[in-house]
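only geometry, no sequence info:
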């Protein structure tokens, strides 16, 4: 049977556009002959996107190195491969063994964000696994989800047997051990055992799930021998140096969901980077977190790496808008093509409203320092549709872009080549944030705002990029959805929705049909307002952040009042720090 499957796969590889997505065999991938249980991990997008996801790499490494289980991978086939697979009855297979995913014991799929949800259904269908948990039998793997979008599991609840809420590296070994210790149980009995673990949400159980939090980031859970993809978005080694953020941007799910701040020790970071480079052969390392330059020992780490590995290129994503931050880049070699930072809003009033804590002088100083360092292109990220936004706030975005161009002309090494790229996304309210009660702007409102920016933004040395409105509204319609939303997602998938985050693939008609199936529409779901005393669909998920704290933040936003970062100011009593779960900075 396996030889026949191999032949089908090899035949498919001759016909698809990018066969490297399906071959496996990469440096760092793991093949085991003996194992206690077989787990497949999937990110619901194509190989090159999924392989770059650090959570998949972390869980993959953790299972293979610290348990008796075997973790493999399977990503979402592109449409050309999916068509061939259905025509030839080729089931979804894992990269490591080319065995059917359906034959695995456990199958974990990342819930990264809402526009990947139809791909989750595509994965299940291609594997020959029933979409709905209630329809699965003993011959099907136990299918589970996890990731930041699991903060509201209801839109996808019927499609999973259970969902991990919170840090997967705390929960996943316990799941493997539970499986090992109860091998003879039926499928439903095994799910029942797993449901008793911390951080597990069991759909339709009625039980509240508490977010699992890793108290400290240890090197034992870091992927120090990661998979080196055969095709990649970025060719660099990546290390998470800090988890969590307490800056408190009121629109940001990750900033609230991943609290408290937990840093890796300086020595651990330096030794891990050295090990990663040796294991992968990369010549560039990325030090990642939600706000990398807030890491307390960042200057010391950069100095040590520069001394120990001269010439090493370091990438620092998520840069704070602060001139001192850009001066840090002078400590190390860095690619000087472009650099990115996010003011998020144009006016000071709106930045205060969202608690961004960035001033006009901060922006000017950061831009000046970046151009003086030799960067020729500055990327600026803003959002439109934020609560309380006015025409003056939109005008202020244009003003910042024009000012940035002027700073480039005065300070860039080649003033005529200074380029400002302005990217405009749409605000989408997310659960467990102070804006979870707010709705989105309508399509007409967003279109009007985009038109204003298009006509007002000068074109010389400024490039404007506007995110499509349709996908943003669908994301918003799903993000705060409830128990009716799965029917809309399934109907949209059956109508052809796939790869919804890809501009060329987005299918508005499919989504219109999807929400019509629940007697609603995308606009109504996305713009929905929740009353402050109303029960929210995701109230059965305990994020460890006090709901009253979020409500207080919403009220402070209405008055454009700031809440200071508790790393440097007083504790703001958000509720997350309790027992062994506490901020770990500078340890």
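Done, it's in. Everything numeric in this text was worked out from a predicted model, so none of it was measured.

For stretch 122-139, measure first residue to last.
One end of stretch 122-139 to the other measures 19 Å (C-alpha to C-alpha, to the nearest Å).

my bad, stretch 136-147
23 Å.

hmm, who's touching that stretch?
Defining contact as C-beta atoms under 8 Å, 6 or more residues apart in numbering, one finds that stretch 136-147 is touched by 40, 55, 101-112, 120, 124, 129-130, 133, 153, 156, 159-165, 168, 171, 175, 186-187, 190-191, 194. For every residue, glycine as well, the C-beta is placed using N, CA and C.

Can you give the contact residues for the worst-scoring helix or strand of the chain on mean pLDDT?
None of the helices or strands of the chain scores lower by mean pLDDT, DSSP states H and E than helix 323-328, at a mean of 76. Helix 323-328 is touched from outside by 293, 298-299, 302, 316, 319, 339, 362, 365-366, 368-370, 373, with contacts defined as C-beta under 8 Å, 6+ apart.

one more time with 6 Å
The contact list for helix 323-328, computed with C-beta atoms under 6 Å, 6 or more residues apart in numbering, reads 293, 319, 365, 366, 369, 370.

In the residues you listed, which has the lowest confidence score?
Scanning the contacts of helix 323-328 for pLDDT, the low point is residue 319. It has 81.

For residue 71, which non-adjacent residue is closest in space?
residue 63 (3.9 Å; C-beta to C-beta, 6 or more residues apart in numbering).

host element of that neighbour?
Using DSSP states H and E, residue 63 sits in helix 54-66.

Note down every partner strand of the very next helix or strand once past that helix and its orientation.
For helix 54-66, the succeeding helix or strand toward the C-terminus, using DSSP H and E, is strand 70-73. Strand 70-73 sits in its sheet next to strand 38-42 (parallel), going by DSSP bridges.

Taking helix 54-66 as reference, get the angle to the partner strand.
160 degrees (axes from the mean of the first three to the mean of the last three C-alpha atoms, to 10 degrees).

ok, residues contacting strand 38-42?
Residues contacting strand 38-42 (C-beta under 6 Å, 6+ apart): 56, 59-60, 63, 69-74, 94, 101, 104-109, 123.

before we move on, the earlier item: of the contacts of stretch 136-147, which belong to strands?
40, 106, 107, 108, 109, 110, 162, 163, 164 (DSSP state E).

what's around the second one, how many residues?
Right, residue 106. 23 (other C-beta atoms under 10 Å).

The residue nearest to it when sequence neighbours are not counted bridge partners, please.
Nearest residue to residue 106 in three dimensions, chain neighbours excluded: residue 39, at 4.2 Å (C-beta to C-beta, 6+ apart). Legend: beta-bridge partners of residue 39 under DSSP bridges are residue 71, residue 106.

Centroid-nearest residue for the chain?
residue 112 (4.9 Å; C-alpha atoms, centre = their mean).

Residue 181: neighbour count?
10.

ignore the last one, residue 317
Applying other C-beta under 10 Å, we find 15 residues neighbouring residue 317.

what's the answer for residue 203, then?
Neighbour number of residue 203 under other C-beta under 10 Å is 20.

swap in the one 3 residues further on?
Residues near residue 206, counting by other C-beta under 10 Å, number 7.

and the nearest residue to it once chain neighbours are set aside, how many neighbours?
Of all residues not flanking residue 206 in the chain, residue 540 sits nearest, at 7.8 Å (C-beta to C-beta, 6+ apart). A count of neighbours around residue 540, defined by other C-beta under 10 Å, yields 16.

Tell me where the stretch 301-450 of the chain has strands.
313-315, 338-344, 377-384, 419-426 (DSSP state E, counting those that start in this stretch).

Need those in JSON lines (columns: distance to residue 306, mean pLDDT and mean neighbour count).
Shown next, in JSON lines, are these (distance: least, C-beta to C-beta, whole Å; pLDDT from 0 to 100; neighbours: other C-beta atoms under 10 Å):
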{"stretch": "strand 313-315", "distance to residue 306": "8", "mean pLDDT": "88", "mean neighbour count": "18"}
{"stretch": "strand 338-344", "distance to residue 306": "18", "mean pLDDT": "89", "mean neighbour count": "20"}
{"stretch": "strand 377-384", "distance to residue 306": "24", "mean pLDDT": "96", "mean neighbour count": "21"}
{"stretch": "strand 419-426", "distance to residue 306": "28", "mean pLDDT": "97", "mean neighbour count": "20"}
